[in-house]
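# Generate a structure from the sequence data that follows.
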Amino acid sequence: MKQLSNSLPQHIGIMIDGNRRWAKARKIPSFLGHKKGIERVVEIINYAFKKKIKVLTLYGFSTENWKRSKEEVDYLMHLFTDFAKKYAPSFKKKGIQFRHLGNMEMLPKDLQRELKKAQRLTKNSNKMFLNVALSYGGRDEITRAVKKIVQEKIPPEKINEKVISDHLDTKGLPDVDFIIRTSGEMRLSNFLPFQGTYAELYFPKIYWPDFDKKQLDLALKEFQKRKRRFGK
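This next block holds a predicted model:
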C-alpha cells in the first residue's frame, strides 16, 4: 500500500456530472436528479469547510450547456437562483467567500442579481473561498481575460503568466490542485484549463447525487497517494 501524505489539496475543483443519468437509472424525472444534485452540493461544501479546504470550485453549468432544452435550462437557473439566495447568509456566518466564475451577462437577470448579492455579502470572508462556475467555459474565461488586458492597454512586453492569471475569474486564488469529475467520464470539458495545468485528476464512476462525504474522503485519500512532480 502506498504511504499517505498528510497534505490535502488547497484548491479542489469538482465537475458535477451525472444528475440526469442518476435520475434515469431510477426511472424518475431528470429534474429530480438536478434537485438531488443541489442537495449534495450543500453537503459537500459544508464537509469541505470542515476539512479546512481553502478553495472549492464547483462546475455547475458550462457555456455549452446552453444547448440543452429551454425547460431544463430554466429549471436549472431557478435552482441556482434559490441556492444563492438561500445559502449566502450561512456562507457569511461561516466565513465562506462566495464567488461566481463565468460569463455573468449570459445568465438571467434574477440569477445575476442573487449572485452579485451573495458576492457582496461575503466579500470580507476568508476562511474558505467557494467558486460556483455558471455559464463558465475555460476558453471563454481566457478570451475575456485577453480582452481586459487589451482594454487596459498593457504593453506586450509586460504580459506574462501572472498578468493573465490576474485577469481570470479566479484572480488572487491558488491554482487548482485536484480536479474531480463524477460519473466516470474522463475529460475536462473546458474546466479551468489555465489554472489546472498541474492538477491531479480523479474520475470516480459514481453519479454526482451519490457523491457524499465518504466519497470525498476516498478522493482525498487518493490525492494523498499521488506524488506531484511539476515537471521535475
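# Show me the helices in this structure, by range?
For the chain, the helices defined by DSSP state H occupy 19-25, 30-50, 70-94, 109-122, 138-151, 161-165, 213-225.
# Please state the backbone phi and psi of the closest residue to residue 54 other than its chain neighbours?
Spatially, and ignoring its direct neighbours in sequence, residue 54 is nearest to residue 10 (4.9 Å; Cβ to Cβ, 6 or more residues apart in numbering). Bear in mind the C-beta positions are built from the backbone N, C-alpha and C, glycine included. For residue 10, the backbone dihedrals (degrees, to the nearest 10) come out as phi -70, psi -40.
# tell me the contacts of residue 10?
By Cβ atoms under 8 Å, 6 or more residues apart in numbering, the contact set of residue 10 is 53-55, 174, 177.
# Considering the residues you listed, which is situated nearest to residue 223?
residue 177 (7.6 Å; Cβ to Cβ).
# For residue 207, which of the helices of the chain is the nearest?
helix 19-25 (3.8 Å).
# by contact count, what packs against the closest one?
helix 30-50 (3 or more Cβ pairs under 8 Å, 6 or more residues apart in numbering; DSSP states H and E).
# list the buried ones in the helix it packs on?
For helix 30-50, burial by neighbour count (16 or more other Cβ atoms under 10 Å) applies to 30-31, 33-34, 36-38, 40-41, 44-45, 47-49.
# mind putting those in JSON lines, distance to residue 84 and pLDDT included?
Output for those, formatted as JSON lines (distance: Cβ to Cβ, whole Å; pLDDT from 0 to 100):
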{"residue": "30", "distance to residue 84": "22", "pLDDT": "96"}
{"residue": "31", "distance to residue 84": "19", "pLDDT": "96"}
{"residue": "33", "distance to residue 84": "20", "pLDDT": "98"}
{"residue": "34", "distance to residue 84": "15", "pLDDT": "98"}
{"residue": "36", "distance to residue 84": "18", "pLDDT": "98"}
{"residue": "37", "distance to residue 84": "15", "pLDDT": "98"}
{"residue": "38", "distance to residue 84": "11", "pLDDT": "98"}
{"residue": "40", "distance to residue 84": "17", "pLDDT": "98"}
{"residue": "41", "distance to residue 84": "12", "pLDDT": "98"}
{"residue": "44", "distance to residue 84": "16", "pLDDT": "98"}
{"residue": "45", "distance to residue 84": "13", "pLDDT": "98"}
{"residue": "47", "distance to residue 84": "20", "pLDDT": "98"}
{"residue": "48", "distance to residue 84": "18", "pLDDT": "98"}
{"residue": "49", "distance to residue 84": "17", "pLDDT": "98"}
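# can you tell me which residues contact the residue nearest to the spatial centre of the chain?
For the chain, the residue nearest the mean C-alpha position is residue 58 (2.1 Å; Cα atoms, centre = their mean). Going by Cβ under 8 Å, 6+ apart, residue 58 touches 13-14, 16, 41, 44-45, 130-133.
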